[in-house]
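Asker: Using only what follows, build the 3D model:
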Amino acid sequence: MRIIPASELIINDDGSVFHLHLRPEQLADTVILVGDPGRVALVSEFFDSKECEVSNREFRTVTGSYKGKRITVLSTGIGIGNIDICVTELDALANVDFSTRQVKEQKRQLTLLRLGTSGAIQPDIRVGEFVFSRTSCGFDGLLSFYKGRDAVCDLALEEAFVKHTGWYEKMPRPYFVNADKRLFEHFRDVTREGITIAAPGFYAPQGRWVRLEPHDTQLNAKIESFDYEGRRITNFEMEGSALAGLAALMGHRAATICTIIAQRIALDACTDYKPFVRKMIETALDKLAALD
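Answerer: Numbers count the residues shown, from 1 in each chain. Coordinates of the predicted model:
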């Protein structure tokens, strides 16, 4: 059995994993991922009790209990690269024996739910709605660095999108990964279904033009008009595709739910969106507490 070298999985002197600074016993089976470290406090204030609080860089973690359910909430910071770090280290905490540096024979399945904010790109989606990313589309290329990429992707949807947009071949090829089916069904009554794009940046990758012009100024219009078997692309964010893809490859359950805080079609944004986010958190916690 392969022994994972110290250079591949760095373990701190206190037995915690390198970036997250968590020890295996501090991780719950159910994990809420948020971008903003400040949002960890917002989630954990709903907890009935707290076991531990750990912080390193943008990665802040609280593990506690909500209505009898043990839950970890972790801030990932912004972007796909941080999701690569967080999901890999969470999986290592669950499925690698730190003493032997070997993968455990008995695998532990995590439930990973990202709660984020997002901009809608369809005119009928209102600010304050919760969109469940039934499918996540990555513009980042991350998943192509991992063996098995095609096995967890919807290749027909990918090909249709590339053809429809006239995708520029020098940009990373987009990939489409579905959320966990059980999570989709469980949250179906409190969310709106969507196909969500995870962009590798906030500006040009999402079609924004400040001083630097995007390569394809019509890409957003092409995205908005894309239709695949009656399904549309609904919103932009920056992390969900890597979460869905890595979790699928590792055997974890994962999904992304976003509160809509901007309407890209109406060229409008809501800066006072905290009440919407708070409602999303409370709704998600109640649903997770009832999940087997």
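
Asker: quick one, what contacts the spatially most central residue of the chain?
Answerer: When Cα atoms, centre = their mean is applied to the chain, the residue found nearest the centroid is Gly240 (3.3 Å). Residues in contact with Gly240 (Cβ atoms under 8 Å, 6 or more residues apart in numbering) are 114, 116, 133, 136, 196, 198, 256, 258. The way it works is simple: take the backbone N, C-alpha and C, and place the C-beta from them, glycine included.

Asker: Ok, Val277 next?
Answerer: By Cβ under 8 Å, 6+ apart, the neighbours of Val277 are 39, 42, 115, 117, 259.

Asker: so which of these comes closest to Arg173?
Answerer: When the contacts of Val277 are compared for distance to Arg173 (Cβ to Cβ), Thr117 comes out closest, at 26.5 Å.

Asker: burial of Pro24, as a residue count?
Answerer: When counting by other Cβ atoms under 10 Å, one arrives at 16 neighbours for Pro24.

Asker: Any figure for the gap between it and Leu90?
Answerer: Between Pro24 and Leu90 the distance is 10 Å, computed by Cβ to Cβ, to the nearest Å.

Asker: What of Gly35?
Answerer: In terms of Cβ to Cβ, Gly35 sits 16 Å off from Leu90.

Asker: Check Ser7 too.
Answerer: Counting by Cβ to Cβ - Ser7 and Leu90 are separated by 20 Å.

Asker: Which of the two has more residues huddled nearby?
Answerer: Per other Cβ under 10 Å, whichever of Ser7 and Leu90 has more neighbours is Leu90, with 25 against 6.

Asker: show me what contacts that one?
Answerer: So Leu90 contacts 20, 27, 31, 74, 110, 112 (Cβ under 8 Å, 6+ apart).

Asker: This completes my enquiry, with thanks.
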